Each structure stands twice: as structure tokens, then as C-alpha cells.
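> I would like to see how this sequence folds:
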Amino acid sequence: MDNLRKIREEKNLTQENLSTKLGITQKSISLYENGEAAPSIETFIKLCDILNVSADYLLDRTDIRYTAKEVTNLSLSSEELELIEYFRKLSPMKKVKALGLVIGMTE
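The predicted model follows:
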């Protein structure tokens, strides 16, 4: 859970602050951040809620921090979601080209 330390520091939380909010020890936070232990499901859900990040982000499975609730609140259409899905599959160079094409179409 490399992103745990990153997001905790971005939110200006110490391990002690976060542990207090979770009702666990500071040592537990240290163990999670160093990959030496994993939180219980209940603690993990609380971590996601407190840090306001998705479970996949906290597990280092994605670079997308948004929670499902936040994405839902964006009110994206099915076409917009489909475009995002295809866009994510593109190489970095193709992403630049696709953005250029879309920008050009809007002018």
C-alpha cells in the first residue's frame, strides 16, 4: 500500500493522527505503509473513507483516486464512460493524438 503514505502525507496527517481517527495504533499504520501487515476489511474501508480515495487507489491498482460515489456524482453519460474506457487503453502517444483530435473537433 505505497499510496497510503503518499496520500496521508498529502493530507498533512501524521501516522499518529491517522491511527487516532481509525482507533488503532501508530505502529499498525507504520506496518501497513511498509507492507508488513494488512488492515482488516473494516479498517481498510475506514482508511478509504478518511482519506477520501478509492479502494483500488489505496491498493496501488490504479492511479485514479476518485471513489465510485464521486464518479457517479459526475453524471457521465454511457458514451462518456465508454470514451474514457477506450482512452485508458491507448499508449501515451496515442492519448496525445486523441486529445488533439477531440480539441480540433470542438473548434
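
> Please count neighbours and contacts with C-alpha atoms only from this point.
Fine.

> The residue nearest the centre of the chain: what secondary structure?
Closest to where the C-alpha atoms of the chain average out (CA atoms, centre = their mean) is Arg65, at 2.3 Å. Three-state assignment for Arg65 (DSSP: H, G, I helix; E, B strand; the rest coil): coil.

> so the closest residue in space to it that isn't next to it in sequence, which of the three states?
Leaving aside its chain neighbours, Arg65 sits nearest to Val53 (5.0 Å; criterion: CA to CA, 6 or more residues apart in numbering). Using three-state DSSP, the structure places Val53 in coil.

> which phi and psi does Val53 have?
Per-residue torsions, Val53: phi -130, psi 160 (degrees, to the nearest 10).

> That one contacts Tyr66, correct?
Yes. Because the distance of 5.7 Å satisfies CA atoms under 8 Å, Val53 is recorded as touching Tyr66.

> before we move on, the earlier item: residues contacting the residue nearest to the centre of the chain?
Residues near Arg65 by CA atoms under 8 Å, 6 or more residues apart in numbering: 53-54, 57.

> Which pLDDT value goes with it?
If you check Arg65, the pLDDT there is 78.

> Read off the pLDDT value for Ser78.
Model confidence at Ser78, given as pLDDT, is 81.

> more crowded one of Val53 and Tyr66?
Taking other CA atoms under 10 Å, Val53 and Tyr66 do not tie; Val53 has more neighbours (21 against 15).
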